[in-house]
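*Asks:* turn this into a structure:
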Amino acid sequence: MSRTSKSIVVALLVVVVVAVLGVIYASPYIVLDRLKRAADARDAQTVNQYVDFPLLRASLKDQVGQLLTRKIDIQKSGNPLAMIGAMIGAALIGPLVDSYATPDGVAAILNGIPPKGDPGEKPPVPSEASGAVVAAPGTVQAPQPAAAAEPSATAASPSAPKPPPQTTAGYRSFDTFAVNYQHGTGDARYSAILRRYGLFSWKLVAVELNDG
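*Replies:* Numbers count the residues shown, from 1 in each chain. Predicted coordinates for the structure are as follows:
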């Protein structure tokens, strides 16, 4: 093999390696986009490919349980009904987890609408979900500014939907990828956690809730 041919082969190998590494790095962003589109469309078959529901269910149960515990701890000071509240709260965890460990729940989580631990809480119907956008690695996606309104109509409606949350996304480790959501300074924040399955495949496996 001539020196020119060897150079071409080496160059091609370098291009292939760089391309493969690029796809490996970009794989969670690609999966996240596919998962969100499928969840928004309530495409259960595709959602099932990208969500480990047993792990997600276990994570929701743990996180919602901790959320309810924090709420009860805040309210129980000098309250003789705290134990009853704790029992009611524990009974609510199962139905809430069942409602969020679904394509509707996944769509809500990926659109900035996590569970809050409220009685009878369920994920919103498709028409109520907002359109959160995942930002580029290491950047923050700020909410889009609202269109100018007439002075008489400025933020008067309490039912007006919140703007899309600020969203960041990035690796925590080679096998862990997190999408972080926050609507504004001081608002509750949470993260959706994806885990690597092989080199190119990822699945949503957990949420991390923080009520303040």
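*Asks:* and residue 174, how close does it get to residue 22?
*Replies:* Noted for residue 174: a distance of 15 Å to residue 22, by Cβ to Cβ, to the nearest Å. All C-beta spots, glycine's among them, are computed from the backbone N, C-alpha and C.
*Asks:* and residue 7, by the same measure?
*Replies:* According to Cβ to Cβ, residue 7 and residue 22 sit 22 Å apart.
*Asks:* what helices and strands are in contact with the helix or strand residue 19 falls within?
*Replies:* Element membership of residue 19, judged by DSSP states H and E, is helix 3-40. Where contact means 3 or more Cβ pairs under 8 Å, 6 or more residues apart in numbering; DSSP states H and E, helix 3-40 is packed against helix 44-50, helix 103-110, strand 166-173, strand 176-182, strand 189-197, strand 201-210.
*Asks:* could you redo the last one with a cut-off of 7 Å?
*Replies:* helix 44-50, helix 103-110, strand 189-197, strand 201-210 (3 or more Cβ pairs under 7 Å, 6 or more residues apart in numbering; DSSP states H and E).
*Asks:* ok and it relative to strand 189-197, angle-wise?
*Replies:* Going by axes from the mean of the first three to the mean of the last three Cα atoms, to 10 degrees, helix 3-40 is angled at 130 degrees with respect to strand 189-197.
*Asks:* now helix 3-40 against strand 176-182, angle please.
*Replies:* Going by the same axes, to 10 degrees, helix 3-40 makes 50 degrees with strand 176-182.
*Asks:* show me which residues of helix 3-40 are buried.
*Replies:* For helix 3-40, a neighbour-count test (16 or more other Cβ atoms under 10 Å) marks 27-29, 31-32, 34-36, 38-40 as buried.
*Asks:* which SSE is residue 56 in?
*Replies:* Applying DSSP H and E, one finds residue 56 within helix 53-75.
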